[in-house]
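# Any chance you could fold what I've pasted below:
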Amino acid sequence: MKNTSEISKMCQKATEPIYITKNGYGDMVIMSVKMYEEKLFMLDVYNKLAAAEAQIAEGKVLDNV
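Residues are numbered from 1 along each chain as shown. Below is the predicted model:
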């Protein structure tokens, strides 16, 4: 990668990760640090939601009566 400044600008403007191919096959994915942190945050949210739904399915709930 010779023009890292231009690549950085592309990543900052992009709203989705940028997929790099080599010989027609997926090779790399690049994104800004901000986007990476947002993706990690959302992954954590989805994992917590899945755990909560599993607890509900198992009947592990509290009644607020």
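# Check this structure for its longest helix and report it.
If you go by DSSP state H, the chain has its longest helix at helix 33-57.
# Not counting its own residues, what contacts that helix?
11, 14, 17, 31, 61 (CB atoms under 8 Å, 6 or more residues apart in numbering). All C-beta atoms are positioned from the backbone trio N, CA, C, and that covers glycine.
# again, only using 10 Å
Contacts with helix 33-57, where a contact means CB atoms under 10 Å, 6 or more residues apart in numbering, come from 11, 12, 14, 15, 16, 17, 18, 30, 31, 32, 60, 61.
# Could you single out the nearest of the residues you listed to residue 2?
The closest of the contacts of helix 33-57 to residue 2 turns out to be residue 30 (CB to CB; 14.6 Å).
# Centroid-nearest residue for the chain?
For the chain, residue 39 is the residue whose C-alpha lies nearest the centre (CA atoms, centre = their mean; 2.5 Å).
# filter the contacts of helix 33-57 to the buried ones?
By neighbour count, with 16 or more other CB atoms under 10 Å, the contacts of helix 33-57 hold 11, 30, 31, 32 as buried.
# Columns secondary structure, pLDDT and distance to residue 47 on top of these, output as CSV?
Below are the buried ones among the contacts of helix 33-57 laid out as CSV (DSSP: H, G, I helix; E, B strand; the rest coil; pLDDT from 0 to 100; distance: CB to CB, whole Å):
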residue, secondary structure, pLDDT, distance to residue 47
11, helix, 93, 25
30, strand, 96, 24
31, coil, 96, 20
32, coil, 96, 23
